[in-house]
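*Asks:* below are the sequence and a predicted model for it; my questions follow.
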Number of protein chains: 2
Amino acid sequence: MNYPDIDRVKTYLQNLQETICKKITELDGKETFLEQTWERAEGGGGRSRVLTNGALFEQAGVNFSHIKGEQLPTSASAHRPELAGRSYQAMGVSLVIHPLNPYIPTTHANVRFFMAEKEGEAPVWWFGGGFDLTPYYGFTEDVVHWHTVARDLCLPFGEDVYPKYKHWCDEYFFLKHRNEPRGIGGLFYDDLNQGGFEHCFNFTQAVGDGFLHAYVPIVEKRRNYSWAEQERQFQLYRRGRYVEFNLVWDRGTLFGLQSGGRTESILMSMPPLVRWEYDYHPEPNSPEEKLYTDFLISGKEWLSP
Amino acid sequence: MNYPDIDRVKTYLQNLQETICKKITELDGKETFLEQTWERAEGGGGRSRVLTNGALFEQAGVNFSHIKGEQLPTSASAHRPELAGRSYQAMGVSLVIHPLNPYIPTTHANVRFFMAEKEGEAPVWWFGGGFDLTPYYGFTEDVVHWHTVARDLCLPFGEDVYPKYKHWCDEYFFLKHRNEPRGIGGLFYDDLNQGGFEHCFNFTQAVGDGFLHAYVPIVEKRRNYSWAEQERQFQLYRRGRYVEFNLVWDRGTLFGLQSGGRTESILMSMPPLVRWEYDYHPEPNSPEEKLYTDFLISGKEWLSP
């Protein structure tokens, strides 16, 4: 049987959105998610959920979408441009969380499933996803924890999986115009279809389920750190890099905007408040400088082999 | 004589930067421009000037640059992709002004000169430029004044010039993912080389010199309008559209980032403080809604024929 079991993927993704929103709400303790469902003229739709002005989270957006289209945009697949123009379906859960406390990192996670079809041919499908972390103030133990969860969830799928997807994450979340990684990485994969549908779906579930295990302990550990205006200003400044990456380099954002996606849902990744400052440099030997010198290092190995 | 008089263009552009900075400083009355000169590894450099935290201007960036490169990026010319890959020079003045008072519009202006060369062939050159206005609160008389200056400076160069470049401006400064113009337009032109070097240089000077005539009276008229938190919040929100346009759609920004330009100078266009709000809609019949219904209308003719 060649046709992938789309319904099971969809059920998993919708449940994942539910589970994550529940946990984030519980952590926040003040605000809840507002939900909007939407439909897209060309086909499909989504369920957008956003929590704003929480006690802990200044903004958390957790989207589910399932869209259908006649022409796969080129940004959909990194390695299979020959599929551009086919009819397709794309479904996924995508989230970006912007905490209020500058000691809690911003995070992004995404799991997605694509299928491209052409009459008279077997459908071509693949999974993609990952999660990554963008701290404002670095803590080595948090970064090690983050990557340990990432490595451990990959291990049942092969020893080469974590190094490969960790490297891909470093490469992908990189601001070329700044020569600077977006954060301390995590996992990123795309075009996954080797080993059969069940195998790839299992891996994608491991990534989706792994996200909360990776993020929640960091939130718990840093939530009571107090912060003042200086930390807040640095957080707002660094959020500018997040905007730059998402609007200039992110293939996911471009795919959304190119495919006539719902702009408000796509740009839910934008931070609620952002600052730019011309030619800013952190004070020498400050905690702010430490972020650059000790943490924003593309390709750094955080786990001992 | 076929070789364009680059030195005269350069002198004009440097003087234009000087004149504009002087007037902006005078208007502001509190802060002055800080200057940084920079060189680019591949060739050329620039003189960046920025005024921040002024009484009137939250940030004003006025850049001069003259860069040289071995490979013209594709984003440099809209209509002559066949020139991509040639050695080139590009020089220009580019400015973005973000006022503090939400009743004063943000503005952008640019005049530029390009030359692409290939051994054994005559150099190919062209001018480009324009100016455009992005109000937060609309005043018809200001918009009419803005377009009147634009039309009048075009008139000596032909009756079709204003309509053509006004239309090009509307088309260029358009956020496709929002189906929304960036502001109320002005002039935009590119690839100008018809009529000889002198003619094109004269027109470019008319545009460069016209900018202050267009902008200063609007600043003077609105500078004493008082504003409160609501207007400030709307301004910060609308600045998000500016960021979206510049990072997603602006060919000038992409050219800068692709050509290894100085990132801090290119992104001087970013507003100092920006807000995003999920699924915001202005109150019915509010001044904020009026901006959308009465002013952000692509293709609207502001001048009676």
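*Replies:* Looks like it came in fine.

*Asks:* now do the phi/psi pair for the closest residue to chain B within the stretch 51-200 of chain A.
*Replies:* Here the residue of the stretch 51-200 of chain A nearest chain B is A:H177; by C-beta to the nearest C-beta that distance is 4.5 Å. Every residue, glycine included, has its C-beta placed from N, CA and C. Dihedral pair for A:H177: phi -70, psi -10, per degrees, to the nearest 10.

*Asks:* per-residue pLDDT, it?
*Replies:* Note on A:H177: pLDDT of 93.

*Asks:* quick one: buried residues of stretch A:249-269?
*Replies:* A:249-257, A:259, A:261-269 (16 or more other C-beta atoms under 10 Å in any protein chain shown).

*Asks:* A:G92 falls within a strand, correct?
*Replies:* Yes: counting by DSSP: H, G, I helix; E, B strand; the rest coil, one finds A:G92 located in a strand.

*Asks:* contact partners for it?
*Replies:* Counting by C-beta atoms under 8 Å, 6 or more residues apart in numbering or on different chains, A:G92 touches A:13, A:64-65, A:110-113, A:129.

*Asks:* and if you look at A:C169?
*Replies:* Counted by C-beta under 8 Å, 6+ apart, A:C169 has contacts A:130, A:132, A:185-188.

*Asks:* what do you get for A:I218?
*Replies:* A:I218 sits next to A:104-105, A:133, A:142, A:145-146 when contact means C-beta under 8 Å, 6+ apart.

*Asks:* of those residues, which belong to strands?
*Replies:* Using DSSP state E, A:L133 are the members of the contacts of A:I218 that sit in strands.

*Asks:* distance check, the nearest residue to A:M270 once chain neighbours are set aside against B:Q233.
*Replies:* Counting by C-beta to C-beta, 6 or more residues apart in numbering or on different chains, A:M270 lies nearest to B:W276, which is 3.9 Å off, once chain neighbours are set aside. Separation of B:W276 from B:Q233 (C-beta to C-beta, to the nearest Å) stands at 12 Å.

*Asks:* could you do A:P4 as well?
*Replies:* Distance, A:P4 to B:Q233, by C-beta to C-beta: 46 Å.

*Asks:* compare those two (neighbour count), which wins?
*Replies:* Taking other C-beta atoms under 10 Å in any protein chain shown, A:P4 and B:Q233 do not tie; A:P4 has more neighbours (22 against 15).

*Asks:* the more buried one contacts A:A122, correct?
*Replies:* No: counting by C-beta atoms under 8 Å, A:P4 does not reach A:A122; the two are 10.2 Å apart.

*Asks:* show me what residue of the stretch 101-250 of chain A gets nearest to chain B.
*Replies:* A:L247 (3.6 Å).

*Asks:* over to the stretch 1-150 of chain A?
*Replies:* Taking C-beta to the nearest C-beta, the stretch 1-150 of chain A has A:V50 as its residue nearest chain B, at 4.9 Å.

*Asks:* tell me if I'm right that that residue and A:M268 touch.
*Replies:* Yes: A:V50 lies in contact with A:M268 (C-beta under 8 Å); the separation is 5.9 Å.

*Asks:* tell me, what's touching those two both at once?
*Replies:* With C-beta under 8 Å, 6+ apart as the test, A:V50 and A:M268 both reach A:59, A:61, B:278.

*Asks:* near chain B, which residues of chain A show up?
*Replies:* With the criterion set to C-beta under 8 Å from any C-beta of the partner chain, chain A comes near chain B through A:36, A:50, A:52, A:59, A:61, A:176-178, A:236, A:240, A:243-244, A:247-248, A:257, A:263-264, A:266-268, A:270-279.

*Asks:* separate out the buried members of those.
*Replies:* Among the residues of chain A next to chain B, those classed as buried by 16+ other C-beta under 10 Å are A:50, A:52, A:59, A:61, A:177-178, A:236, A:240, A:243-244, A:247-248, A:257, A:263-264, A:266-268, A:270-278.

*Asks:* out of the residues you listed, which are inside strands?
*Replies:* Judged by DSSP E, these include A:50, A:52, A:59, A:61, A:273-275 as members of strands.

*Asks:* in JSON lines, list those along with pLDDT and distance to A:T25.
*Replies:* Output for those, formatted as JSON lines (pLDDT from 0 to 100; distance: C-beta to C-beta, whole Å):
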{"residue": "A:V50", "pLDDT": "97", "distance to A:T25": "12"}
{"residue": "A:T52", "pLDDT": "97", "distance to A:T25": "12"}
{"residue": "A:Q59", "pLDDT": "98", "distance to A:T25": "14"}
{"residue": "A:G61", "pLDDT": "97", "distance to A:T25": "13"}
{"residue": "A:L273", "pLDDT": "98", "distance to A:T25": "22"}
{"residue": "A:V274", "pLDDT": "98", "distance to A:T25": "25"}
{"residue": "A:R275", "pLDDT": "98", "distance to A:T25": "28"}
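
*Asks:* quick check: phi and psi at the residue sitting furthest away from the middle of chain A.
*Replies:* Seen from the C-alpha centroid of chain A, the residue lying at the greatest distance (C-alpha atoms, centre = their mean) is A:G120, 34.9 Å away. Main-chain dihedrals, A:G120, degrees, to the nearest 10: phi 80, psi 0.

*Asks:* just the strands from the stretch 51-200 of chain A, written as ranges.
*Replies:* Ranges of strands within the stretch 51-200 of chain A are A:57-69, A:87-99, A:106-117, A:124-134, A:174-175, A:180-181, A:185-192, based on DSSP state E, counting those that start in this stretch.

*Asks:* before we move on, the earlier item: what sits against the residue of the stretch 1-150 of chain A closest to chain B?
*Replies:* Contacts of A:V50 (C-beta under 8 Å, 6+ apart): A:33-34, A:59-62, A:268, B:278-279.

*Asks:* now with 6 Å, please.
*Replies:* Contacts for A:V50 (C-beta atoms under 6 Å, 6 or more residues apart in numbering or on different chains) come out as A:34, A:61, A:268, B:278.

*Asks:* distance check, it against A:Q59.
*Replies:* Distance of A:V50 to A:Q59, computed by C-beta to C-beta: 7 Å.

*Asks:* do the same with A:L273
*Replies:* Taking C-beta to C-beta, one finds A:L273 at 9 Å from A:Q59.

*Asks:* likewise A:Y103?
*Replies:* 17 Å.

*Asks:* same question for A:Q205.
*Replies:* A:Q205 is 27 Å from A:Q59, by C-beta to C-beta.

*Asks:* quick check: which ranges of the stretch 51-200 of chain A have low pLDDT?
*Replies:* A:77-78 (pLDDT under 70).

*Asks:* again, only this time at 80
*Replies:* A:73-82 (pLDDT under 80).
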